[in-house]
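Undergrad: Mind folding the following:
(one chain, ligands or ions: 2)
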Amino acid sequence: MKLGVIADDFTGASDIALMLSEGGMPTAQFVGVPKDPAPASIEAGVVGLKTRTIAVQDAVTQSLKACDWLIEQGCTQIVFKVCSTFDSTDEGNIGPVAEALADRLGETSVLVCPAFPENGRSVYQGHLFVRDELLSESGMQDHPLTPMSDPDIRRVLQRQTTWPVCHVPVSGVWAGPAAINLAASASGKAMIIVDAIRNEDLLTLGRAAGTRRLLIGGSGIALGLPQNFGHAPAASTWTGVPGKAVVFSGSCSRATRGQVEAFRNRAPSRELTADDVVAEKLSLQEIVEWTLRQETTPLIYSSADPEVVAAAQQKYGRERSADAIESLFANLAAALSQAGVNRIVVAGGETSGAVVSGLQADILEIGPKIAPGVPALKVADRPLALALKSGNFGGPDFFSEALAILEGAE
Ligand SMILES: Nc1ncnc2c1ncn2[C@@H]1O[C@H](COP(=O)(O)OP(=O)(O)OP(=O)(O)O)[C@@H](O)[C@H]1O
Ligand SMILES: O=C(O)[C@@H](O)C(=O)CO
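TA: Numbering: from 1, shown residues only. Ligands and ions are numbered 1, 2, ... in the order given. This is a model prediction of the structure:
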């Protein structure tokens, strides 16, 4: 392998895997740090972790383990993939993981850019925008696990790191790759937030990335990287997986709530409330039987409005309600796949992490784009197709579109 990615959640992993695969790099997504060497045909390996919201020291340890494995596989450049909305808590994990990776790789100057213009995320004057809204007014301020109330990501990162945080404004990016690197080296030891508002800016950043050993960003930061390794955009050779399907949604993000609403109007659906899940009032077997009885693909969801989530968190604690819901989704995924369900669409990064662990999948093959940032995936060792959707990605009909593409529709 040449290029390694450490992603702090599973939807983020498939997001950047799609970017690299569309850029023509033979890419695979690994679920956690593999025990075995990577297949020889893979040039870009994306290790998906579930470290976004765990304790800082755990996140650092797991990320370093992933980094060591990627280096052993031959990778000369590592990307730490974080959320395009820079999701983290003030105590958390982007800064400490970035520092630890930089130390391990011997880097003292690290470019950081979460922009992903195709999905409306841009960085301007060090501030992160989601389309025409500041991050802190985009709905992300109500996120159940990582509420983002400060749109200035220089400040957000500075609260998480002992390194100085500097900034290259978009005028510096427009001056070209050499100017970005000059500004970076003038900053000395630093993490450098780089503005980007268009794909062209990310391509310039990709050229500036050249021989750097560590980059930090959303999937957009990978847009220009396949070219550095001699690749050009390529179409996918995906064939679908027909058969029974289910949609799981544990994401409470604004886009997902719209998608749940749209799908509920045309498909059987089942709500899992935090009260029922935490109190263990639900029977796994009964939900599995209900799912298998449906003639059209059903939706099982815990997605709820911010007030409902806040009330559940007040009552049970943020972690307890999240853990209970995630483990129910993990158990459902395992049981349904054993019962023959072979297409699973999942909304939410943490929820996807839980589902993929429940499925005990090790390697995911990357298929075509369902929506910006969301590929079709196939579990390498069995006929099981997945879509892992980040909370705020996809249009209103994402679930139907994903089911069709996983089945093989063009
Ligand atoms: N009704 C609910 N009450 C309380 N917590 C919930 C409820 N439904 C889901 N959750 C929890 O909220 C979290 C949602 O996070 P998840 O990462 O799955 O979605 P997301 O943040 O929208 O997606 P992404 O991280 O990809 O943007 C999960 O831990 C989930 O278990
Ligand atoms: O970058 C993004 O927004 C996504 O890939 C993600 O990480 C959401 O969990």
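Undergrad: Show me what counts as buried in stretch 181-190.
TA: Neighbour counts over stretch 181-190 (16 or more other CB atoms under 10 Å) mark Asn181, Ala183, Ala184, Ser187, Ala190 as buried. Placement of C-beta: from N, CA and C, glycine included.
Undergrad: out of these, which are inside strands?
TA: Ala190 (DSSP state E).
Undergrad: Work out the sheet partners of the lengthiest strand in the chain and label each with its direction, please.
TA: If each strand of the chain is counted by residues according to DSSP E, the longest one is strand 363-371. Paired strands of strand 363-371, with direction, are strand 27-31 (antiparallel), strand 374-379 (antiparallel) (DSSP bridges).
Undergrad: Which among these is found nearest to Thr51?
TA: strand 27-31 (13.2 Å; CB to CB).
Undergrad: Check whether the closest one comes near ligand 2.
TA: No. Strand 27-31 does not reach ligand 2 (CB under 6 Å from any ligand atom); its nearest approach is 12.0 Å.
Undergrad: Go ahead and produce CSV holding the CA coordinates of that strand.
TA: In CSV, the C-alpha atoms belonging to strand 27-31 read as follows (Å, rounded to 0.1, in the frame of the first residue of the first chain):
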residue,chain,number,x,y,z
THR,A,27,-8.9,1.1,-2.3
ALA,A,28,-10.3,-1.0,0.6
GLN,A,29,-11.9,-0.1,3.8
PHE,A,30,-10.8,-2.1,6.9
VAL,A,31,-13.0,-2.5,9.9
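Undergrad: Pull up the pairing partners for the next helix or strand after that strand, direction included.
TA: Going down the chain from strand 27-31, the next helix or strand is strand 44-48, by DSSP states H and E. Here strand 44-48 is paired, per DSSP bridges, with strand 3-7 (parallel), strand 27-31 (parallel).
Undergrad: Can you lay out those as JSON lines showing distance to Ala55?
TA: Shown next, in JSON lines, are the strands paired with strand 44-48 (distance: least, CB to CB, whole Å):
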{"stretch": "strand 3-7", "distance to Ala55": "17"}
{"stretch": "strand 27-31", "distance to Ala55": "21"}
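Undergrad: how does this structure divide into domains?
TA: Domain ranges of the chain: 3-229, 245-407, per automatic domain parsing.
Undergrad: got the residues of this structure near ligand 1?
TA: 9, 11, 143-145, 250-253, 256, 274, 302-304, 308-309, 312-313, 321-322, 325-326, 348-351, 390-392.
Undergrad: Can you say which of those are buried?
TA: For those, buried by 16+ other CB under 10 Å: 9, 11, 143-145, 250-253, 256, 274, 302-304, 309, 312-313, 321-322, 325-326, 348-351, 390-392.
Undergrad: mind listing what's buried in the longest helix along the chain?
TA: Criterion DSSP state H: the longest helix present in the chain is helix 318-338. Buried residues in helix 318-338, counted by 16+ other CB under 10 Å: 321-326, 328-337.
Undergrad: And stretch 394-407, by the same measure?
TA: Buried, per 16+ other CB under 10 Å, within stretch 394-407: Gly394, Phe398, Phe399, Ser400, Glu401, Ala402, Leu403, Ile405, Leu406, Glu407.
Undergrad: Identify whichever of the domains of the chain lies nearest to Ser236.
TA: The closest of the domains of the chain to Ser236 is domain 245-407. By CB to CB, the value is 4.1 Å.
Undergrad: How far does the closest one stretch from one end to the other?
TA: Length of domain 245-407, first residue to last, CA to CA, to the nearest Å: 9 Å.
Undergrad: Which of the three states applies to the nearest residue in space to Ala371 that is not next to it in sequence?
TA: Leaving out its chain neighbours, the residue that sits closest to Ala371 by CB to CB, 6 or more residues apart in numbering is Gly394, at 4.3 Å. At Gly394 the chain is in coil, as set by DSSP: H, G, I helix; E, B strand; the rest coil.
Undergrad: for Gly394, phi and psi?
TA: phi 90, psi 150 (degrees, to the nearest 10).
Undergrad: wait, what's in contact with it?
TA: Ala255, Gln259, Ile370, Ala371, Val374, Glu401, Ala402 (CB atoms under 8 Å, 6 or more residues apart in numbering).
Undergrad: Report the separation between the most centrally placed residue in the chain and ligand 2.
TA: For the chain, Gly12 is the residue whose C-alpha lies nearest the centre (CA atoms, centre = their mean; 1.3 Å). Separation of Gly12 from ligand 2 (CB to the nearest ligand atom, to the nearest Å): 3 Å.
Undergrad: I'd assumed Gly217 was in contact with that residue.
TA: No. Counting by CB atoms under 8 Å, Gly12 does not reach Gly217; the two are 10.6 Å apart.
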